[in-house]
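**Student:** starting from these lines, generate the structure:
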Amino acid sequence: MAAPALETRDLTVRFGGHVAVDGVSCAFEAGTLTAIVGPNGAGKTTWFNLISGQLPATSGRVLLGGRDISGLPASSRTRLGLGRAFQLTNLFPGLSVRENVRLAVQARAGAGADLLRRWTHRRDLIDEAEDILEQVRLSGRAGTLAAELPDGDQRKLEVALLIALRPRVFMFDEPTAGMSVDEVPTVLSLIQDLRRQGDRAILLVEHKMDVVRSLADRVVVLHNGALVADGPPAEVMESAVVREAYLGLEAALDE
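**Tutor:** Residues are numbered from 1 along each chain as shown. From the prediction side, this is the model:
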């Protein structure tokens, strides 16, 4: 039987006497989209930081495709196939949209050295970057500086950079945060496209319950750093433990 695409085993982090993530064990399979929900301060982003290597764990393990990556830095986890998008976009603001994507394609292909000369001799990488821009609906803004993009297009560009890295696991931390109502559907459509490909695990931290209902195959609920519920969206959202733990959820469900 194949190993899960991603797994955490008893993953824990303490800050002094405070346990921010408390022995969380959870596995994620390729071809699924899991929403991670919970009240503010529940430990969702901290758990993401432990998985992606931005924060060292106090104890527990992280496995990627069955391989223990617990002791590896964030950069090594990225090279092995763990793709992470943040609440705030992580772009090269002084470079164009096209240059951002080309650099990500080059980095994955190991063609980062001798940037200008080698790039011009790799038509395959140029074509791949252009294909990704088309996939995320940014071909028309290819020459625009990343810093000049509206928030929605910056989110699309961040998705493009993740696609360029070809990760086994996509991790999105509140991808619609700070976006206008008009911009949200485009970014959600991109995530839905990734889900339909069926060969990657997708993890999504999200507060908007309508987004969770529309995208997720599964919902994981954290409260006070612990996993308190895990299952199909309708079942989990209706459970008493979730309604008690996740303040405001009942009102959101009744909208």
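
**Student:** now do the strands in the chain.
**Tutor:** Assigned by DSSP state E, the chain shows strands spanning 6-15, 18-28, 33-37, 59-64, 67-68, 82-85, 169-173, 201-205, 218-223, 226-231.

**Student:** can you put the ones you listed in CSV and add mean neighbour count and mean pLDDT?
**Tutor:** All C-beta atoms are positioned from the backbone trio N, CA, C, and that covers glycine. CSV is the format used below for those (neighbours: other C-beta atoms under 10 Å; pLDDT from 0 to 100):
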stretch, mean neighbour count, mean pLDDT
strand 6-15, 18, 97
strand 18-28, 18, 97
strand 33-37, 24, 95
strand 59-64, 18, 98
strand 67-68, 12, 98
strand 82-85, 23, 87
strand 169-173, 23, 93
strand 201-205, 24, 95
strand 218-223, 23, 93
strand 226-231, 18, 94
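
**Student:** the ones you listed into CSV, with extra columns for distance to Thr46?
**Tutor:** Output for the strands of the chain, formatted as CSV (distance: least, C-beta to C-beta, whole Å):
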stretch, distance to Thr46
strand 6-15, 6
strand 18-28, 5
strand 33-37, 11
strand 59-64, 13
strand 67-68, 20
strand 82-85, 13
strand 169-173, 11
strand 201-205, 11
strand 218-223, 9
strand 226-231, 12
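
**Student:** nearest to Leu125, out of these?
**Tutor:** Leu125 sits nearest to strand 82-85 of all those, at 18.3 Å, using C-beta to C-beta.

**Student:** run through who's touching that closest one.
**Tutor:** Residues outside strand 82-85 that contact it (C-beta atoms under 8 Å, 6 or more residues apart in numbering): 6, 48, 51-53, 64, 69, 74, 78, 158-159, 162, 165, 167-173, 175.

**Student:** and for stretch 141-150?
**Tutor:** With contacts defined as C-beta under 8 Å, 6+ apart, stretch 141-150 is touched by 91-98, 100, 130, 133, 153-154, 157, 183.

**Student:** min pLDDT across the residues you listed, which one?
**Tutor:** Minimum pLDDT across those is recorded for Glu183, with 77.

**Student:** so which of the contacts of stretch 141-150 wins on neighbours?
**Tutor:** Among these, Val97 has the most neighbours (other C-beta atoms under 10 Å), with 28 neighbours.
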